[in-house]
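Trainee: Sequence and predicted structure, then a few things I'm wondering about:
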Protein chains: 4
Amino acid sequence: MTWTPKNPDFRRIVLESFSKQQAMSTIGAILSRVEAGHVEIELPYHESLTQQHGFLHAGIVTAVLDSSCGYAALTLMPPGAGVLSVEFKVNLLAPAKGLVLVARGRVLRAGRTITVCQADGFMRVGDREVPVATMLATMMTVTDRSDVTG
Amino acid sequence: MTWTPKNPDFRRIVLESFSKQQAMSTIGAILSRVEAGHVEIELPYHESLTQQHGFLHAGIVTAVLDSSCGYAALTLMPPGAGVLSVEFKVNLLAPAKGLVLVARGRVLRAGRTITVCQADGFMRVGDREVPVATMLATMMTVTDRSDVTG
Amino acid sequence: MTWTPKNPDFRRIVLESFSKQQAMSTIGAILSRVEAGHVEIELPYHESLTQQHGFLHAGIVTAVLDSSCGYAALTLMPPGAGVLSVEFKVNLLAPAKGLVLVARGRVLRAGRTITVCQADGFMRVGDREVPVATMLATMMTVTDRSDVTG
Amino acid sequence: MTWTPKNPDFRRIVLESFSKQQAMSTIGAILSRVEAGHVEIELPYHESLTQQHGFLHAGIVTAVLDSSCGYAALTLMPPGAGVLSVEFKVNLLAPAKGLVLVARGRVLRAGRTITVCQADGFMRVGDREVPVATMLATMMTVTDRSDVTG
C-alpha cells in the first residue's frame, strides 16, 4: 500500500523518537529502514536476550515488533503527534534463532485516532529469512501530554 | 481457582528454567512467587528499559507478563514437560512508571496440550499498585525437543 | 471495581442500542443485566447456531461476548456518545454446549477515547456454569457520525 | 505461499464440514473457494445481521473470518483430523456495509498440532473491495473425539 505522509519530516521524527527508546539501545536494536507507513528494525541475536531454550525471548521479539509497528504508525501522523501502543497480539511461528531478527512493521489502516499495524518478524539464517513471529497491533495518536499520562 | 500440580517438584522446575532465561536477568527481573497455577515476577523500573516518554517499554512489560504466564502454565505440567508461548495479546492500560513492575500470571484452563493463562501487570507507586497491562496468553506443553525446534 | 457513570440514564441508552442490534435478536440473545461497567447477555443454545461438532459456533459466542463488552463500555460513556469495537481477542476454553450461554462483560479501564473490557462466557449445564470463552476487547467512544462512518 | 496438502481429498472434507456448520447456513454464508491453505467464504449483507448503526455485527464478521481460517487450516491436515479454534484476534478496520462480505483465510504456519492463520475481510461496494477486518487465529488439529470434548 502507498501512503502519503502528513508530515514531510517524518524520517527525522521517527529517528529522534527511536533514539529516545533506551530499551532499544539496551537490547542492541537498530532502525534500518523508515518509509511512509513502513519501518524496519533489526536486532542481532545475543545470548543475553534468550529464553530457557537459547532462542530470543518472545518478549524481546515482541518489543522489536511493537516498536516497528509504532514507528510505522508515526510516519503517517501529523506534525506534533506522538504514538502510543494501545494493544497488540503476537503469534510465535518458529524458534527465534539465527544471526539477526528483522522486524517489518506496516500500516494497515491509518485513522485520525487509531492506526492498525501489522509486523512480521524474521530470523536471518544464512541467506534465508525464516518467519518467526507476526503481530497485529493497535496504535493511538496522542496530541498532548495529558493523553500520554492518562 | 485451586489447582493440583502433576509434578510435586514444580517449584524447582520453574526456578531452574527461569534461571536459564538470560533475558530476565539482563533486564533485572526476579521470580518472586511460585504457586500451583500462579507465578509472580517483579521488575524494578530502570531508565535503560524505557520507551520515548520514559515509561517502561511495552515490549519489556510484555516480556515479564509472558514469563509469568509461561511459568504459571509450567507449574501444572507433568514431569519432563517444557513450555512454549504459542501467542499472547496485551492491552496497555496506563503508562508503566513507578518503582517496580509486578506481573501476576495465572492459569485459566490447563489442557493436555494447550494451557490458557492471564497475567496482570501493576506498577508499585508508593503503597499503591496501579494496573498497567493485562495479557491473555496461549501456552503449549512440549514433551520432546523436536516440538521445541519446530 | 465500582464505577461512577457519567450518564444517569445509562440503562435506557444501553437497552435502546441493544434493541437496534438486529444480529442479537436474530440469534435469540437477550440483555439480562445492566450495571455501571458491567453487562450480561444470555443466549439460549440452539442447533441453528452450531459448528460442525454441534457446539455453539465460536463466532456466535464471540458476537455475544463482543456485545457484552461494548455495552459495558457504553454504560460509562457520557451522554450522546456511541460505542464501536476497535478489536478483540477471544480464547475458547471448552466446547460451548449446554442450555444457555451467559456472557459477562466488564470494564477494566475507562478512558476518554479508549475503554478496555473483558468478558467471560459460561454455559449453564444443570446448576453449574462451565467457562467456555474469555475475551479481551478494546472499545472506542464515538461522539459524532463521522467517527462511525470512517 | 504454496502448500502441499496431506489429504488429496481436502476439498470434499472441507465441504462436508462446512455443510454441518448450521451457524453458517443460518446467517446465509457460502463457501466460495477452497484451495490448499486458502479458503474463501462469502456472506451477503442482510439487515438481520446488523449492529446498532446498521453495519454487519462485528461478531458476525468474526464468525465468517473464523470459519475461513479454520477451513484453511483443515485443508492441510492429515486424513481423519478435525479442526478446533483455539483463539483469534480481530481488528475492525471499517464499518461493514456493502453488498457482500468476502472472507479470505490463509495458513501462515502449519504445524503438527498448531496451525496459525490469517483472514482478511472485505465488503464488496460496487466494483471495489473495502477492507473491513483482519484476523490472526490459532487453530488446533484434533485427531480424536476426546480432544474435541475437553
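Mentor: Yes, it's here. Everything numeric in this text was worked out from a predicted model, so none of it was measured.

Trainee: A:M77 touches A:V14, doesn't it?
Mentor: No. A:M77 sits out of contact with A:V14 when judged by CB atoms under 8 Å, with a separation of 10.1 Å. Every C-beta, even on glycine, is put in place using the N, C-alpha and C of the backbone.

Trainee: Any figure for the gap between A:R33 and A:I41?
Mentor: Note on A:R33: its distance to A:I41, by CB to CB, to the nearest Å, is 9 Å.

Trainee: Also A:R109?
Mentor: Distance from A:R109 to A:I41, by CB to CB: 21 Å.

Trainee: These two: which is more packed in?
Mentor: Ranked by neighbour count (other CB atoms under 10 Å in any protein chain shown), A:R109 and A:I41 place A:I41 first, with 28 against 18.

Trainee: name the helices or strands packed onto the helix or strand containing that one?
Mentor: In this structure, A:I41 sits in strand A:38-44 according to DSSP states H and E. Other elements packing on strand A:38-44 under the criterion 3 or more CB pairs under 8 Å, 6 or more residues apart in numbering or on different chains; DSSP states H and E are strand A:30-35, helix A:58-74, strand A:100-110.

Trainee: Deepest in the core, which of these is it.
Mentor: helix A:58-74 (a mean of 30; mean count of other CB atoms under 10 Å in any protein chain shown).

Trainee: ok, is that helix in contact with chain C or not?
Mentor: No. Contact of helix A:58-74 with chain C (CB under 8 Å from any CB of the partner chain) is absent, the minimum separation being 13.3 Å.

Trainee: Pretty sure A:V102 sits against A:A119.
Mentor: No. Using CB under 8 Å as the test, A:V102 is too far from A:A119 to be in contact (10.3 Å).

Trainee: okay, which residue is most central for chain A?
Mentor: Ranked by distance to the mean C-alpha position of chain A (CA atoms, centre = their mean), the top residue is A:S68 at 1.4 Å.

Trainee: and that residue, what does it touch?
Mentor: Counting by CB atoms under 8 Å, 6 or more residues apart in numbering or on different chains, A:S68 touches A:V39, A:E40, A:I41, A:A103, A:R104, A:G105, A:A119.

Trainee: if we go to 10 Å?
Mentor: A:29, A:31-33, A:38-42, A:102-106, A:117-121, A:135, A:137 (CB atoms under 10 Å, 6 or more residues apart in numbering or on different chains).

Trainee: Kindly provide the distance from it to D:S48.
Mentor: 41 Å.

Trainee: repeat for A:G121
Mentor: Relative to D:S48, and taking CB to CB, A:G121 is found at 41 Å.

Trainee: Could you check which of those two has the larger neighbour count?
Mentor: Counted by other CB under 10 Å, A:G121 and D:S48 do not tie: A:G121 has more neighbours, with 29 against 14.

Trainee: partner residues bridging the more buried one?
Mentor: A:A103, A:A133 (DSSP bridges).

Trainee: I figured it hits A:P95, correct?
Mentor: No. Using CB atoms under 10 Å, A:G121 is not in contact with A:P95, being 11.9 Å away.

Trainee: Quick one: name the residues of chain A near chain C.
Mentor: Counting by CB under 10 Å from any CB of the partner chain, chain A comes close to chain C at A:84, A:86-89, A:111-114, A:116, A:136-138, A:140-142, A:146-147, A:150.

Trainee: pLDDT of the helix or strand where A:A137 lies, averaged?
Mentor: Under the criterion of DSSP H and E, A:A137 resides in strand A:128-142. Strand A:128-142 shows a mean pLDDT of 97.

Trainee: Equivalent analysis for stretch A:4-19, please.
Mentor: Throughout stretch A:4-19, pLDDT has a mean value of 97.

Trainee: neighbouring strands for the helix or strand that A:S85 is a member of, and are they parallel or not?
Mentor: Using DSSP H and E, A:S85 falls within strand A:82-92. According to DSSP bridges, strand A:82-92 forms sheet pairs with strand A:128-142 (antiparallel), strand B:82-92 (antiparallel).

Trainee: okay if I get these as CSV plus mean neighbour count?
Mentor: Output for these, formatted as CSV (neighbours: other CB atoms under 10 Å in any protein chain shown):
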stretch, mean neighbour count
strand A:128-142, 22
strand B:82-92, 25
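
Trainee: need those in CSV with distance to D:L56, can you?
Mentor: Shown next, in CSV, are the strands paired with strand A:82-92 (distance: least, CB to CB, whole Å):
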stretch, distance to D:L56
strand A:128-142, 20
strand B:82-92, 23
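
Trainee: circling back to that earlier point, can you tell me how far the residue nearest to the residue nearest to the centre of chain A when sequence neighbours are not counted sits from A:P131?
Mentor: Leaving aside its sequence neighbours, A:S68 sits nearest to A:G105 (CB to CB, 6 or more residues apart in numbering or on different chains; 3.1 Å). A:G105 sits at a distance of 15 Å from A:P131 (criterion: CB to CB).

Trainee: ok, now A:I41?
Mentor: Taking CB to CB, one finds A:I41 at 16 Å from A:P131.

Trainee: that older thread, the strand holding A:S85 to helix A:58-74, inter-axis angle?
Mentor: Per axes from the mean of the first three to the mean of the last three CA atoms, to 10 degrees, the angle that strand A:82-92 makes with helix A:58-74 is 140 degrees.

Trainee: Let me know the average pLDDT across strand A:82-92.
Mentor: 97.

Trainee: With stretch A:37-52 instead?
Mentor: Here the average pLDDT along stretch A:37-52 is 97.

Trainee: buried sites along it?
Mentor: A:G37, A:H38, A:V39, A:E40, A:I41, A:E42, A:L43, A:Y45, A:L49, A:T50, A:Q51, A:Q52 (16 or more other CB atoms under 10 Å in any protein chain shown).

Trainee: Contacts only, for the nearest residue to A:G59 once chain neighbours are set aside.
Mentor: Nearest non-adjacent residue to A:G59, counting by CB to CB, 6+ apart: B:A63, 2.2 Å away. By CB under 10 Å, 6+ apart, the residues touching B:A63 are A:23, A:49, A:51, A:57-63, B:21, B:23-24, B:26-27, B:29, B:41, B:43, B:49, B:57, B:103.
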